[in-house]
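Student: Need a 3D model of the sequence below.
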Amino acid sequence: MVPGNYIYTVTVTDAAGCTATASKAIHVVDARCGPKNDEVRICWFGTSQSCLKQWQAILALYYGVGGQVGPCNIYSATGAKKEERIKENLLLNDGKISVYPNPSGQFFNLNTQTLKTEQLQIRIFDAFGREVEQLKGPANKTYTFGHQYKPGMYMVEVMQGVEKYTFKVIKL
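Tutor: Sure, this is the predicted structure:
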């Protein structure tokens with residue numbers, strides 16, 4: 001599968017004609033590494049990474065020793081206290097993006113801090129993959145959105161140049 005963001009939707013219909021639909025947002029990363037690209041990159045506690053044989057990666061993830069598949073720059077900081085988890089941070093090469101509060105019953109703030117000068121493009125999708133809002137503007141600014149959203153899960157896609165980052169937010 002090509003790295004990127006995907007929304008998978010499944011609709012099931014029973015014999016009586018009743019249907020149910022569920023969607024899941026999937027963020028695919030290229031976690032291959034090693035001289036032959038046959039090993040797996042693991043990020044440890046959001047701060048350091050290593051390249052492991054597949055069987056080593058499976059054991060590390062199975063036993064839950066603080067690793068996640070992929071490079072560290074795609075993960076939020078982990079290990080925060082409960083009251084600090086309302087702010088989701090994504091570290092960039094030259095700054096950070098944060099979305100807070102999350103979850104929220106009213107609205108969300110998207111704060112961007114970057115050294116790049118390229119304009120941000122922000123798109124918000126509902127759980128079915130439908131675009132519900134689009135914002136554009138400079139970095140190093142706080143954007144507020146979600147006042148009119150119905151309760152549910154939303155995906156926030158932030159693009160700056162060729163870089164793309166995705167956050168999940170929940171409206172209560």
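Student: use CA for all of it now, contacts and neighbours both
Tutor: OK.
Student: show me the residues around residue 131 that make contact.
Tutor: Applying Cα atoms under 8 Å, 6 or more residues apart in numbering to residue 131 gives the contacts 123, 124, 125.
Student: which secondary structure element contains the first one?
Tutor: Just to be clear, that refers to residue 123. strand 120-126 (DSSP states H and E).
Student: Sheet partners, orientation included, of that strand?
Tutor: Strand 120-126 has its sheet partners listed here by DSSP bridges as strand 131-137 (antiparallel), strand 152-160 (antiparallel).
Student: Distance from the chain centre to that strand, please.
Tutor: Offset of strand 120-126 from its chain centre (Cα atoms, centre = their mean, to the nearest Å): 12 Å.
Student: what's the neighbour count on residue 117?
Tutor: 11 (other Cα atoms under 10 Å).
Student: now swap in residue 167 and tell me
Tutor: Using other Cα under 10 Å, the number of residues around residue 167 comes to 19.
Student: my read: it touches residue 156, true?
Tutor: Yes. Counting by Cα atoms under 8 Å, residue 167 touches residue 156, with 5.0 Å between them.
Student: Put the alpha carbons of stretch 25-41 into PDB.
Tutor: Provided in PDB are the C-alpha atoms of stretch 25-41 (Å, rounded to 0.1, in the frame of the first residue of the first chain):
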ATOM      1  CA  ALA A  25      -9.300   6.300   9.200                       C
ATOM      2  CA  ILE A  26      -5.900   4.600   8.500                       C
ATOM      3  CA  HIS A  27      -2.600   6.400   8.300                       C
ATOM      4  CA  VAL A  28      -0.100   4.300   6.300                       C
ATOM      5  CA  VAL A  29       3.600   4.900   6.700                       C
ATOM      6  CA  ASP A  30       6.600   3.300   5.000                       C
ATOM      7  CA  ALA A  31       8.400   1.700   8.000                       C
ATOM      8  CA  ARG A  32      10.900  -0.300   5.900                       C
ATOM      9  CA  CYS A  33      14.500   0.200   6.800                       C
ATOM     10  CA  GLY A  34      17.900  -1.600   6.700                       C
ATOM     11  CA  PRO A  35      20.300  -2.100   3.800                       C
ATOM     12  CA  LYS A  36      17.800  -4.300   1.900                       C
ATOM     13  CA  ASN A  37      14.700  -2.500   3.100                       C
ATOM     14  CA  ASP A  38      13.600  -5.800   4.700                       C
ATOM     15  CA  GLU A  39      13.600  -4.600   8.400                       C
ATOM     16  CA  VAL A  40      11.100  -2.600  10.400                       C
ATOM     17  CA  ARG A  41      11.600   0.900  11.800                       C
END
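Student: All set, thanks.
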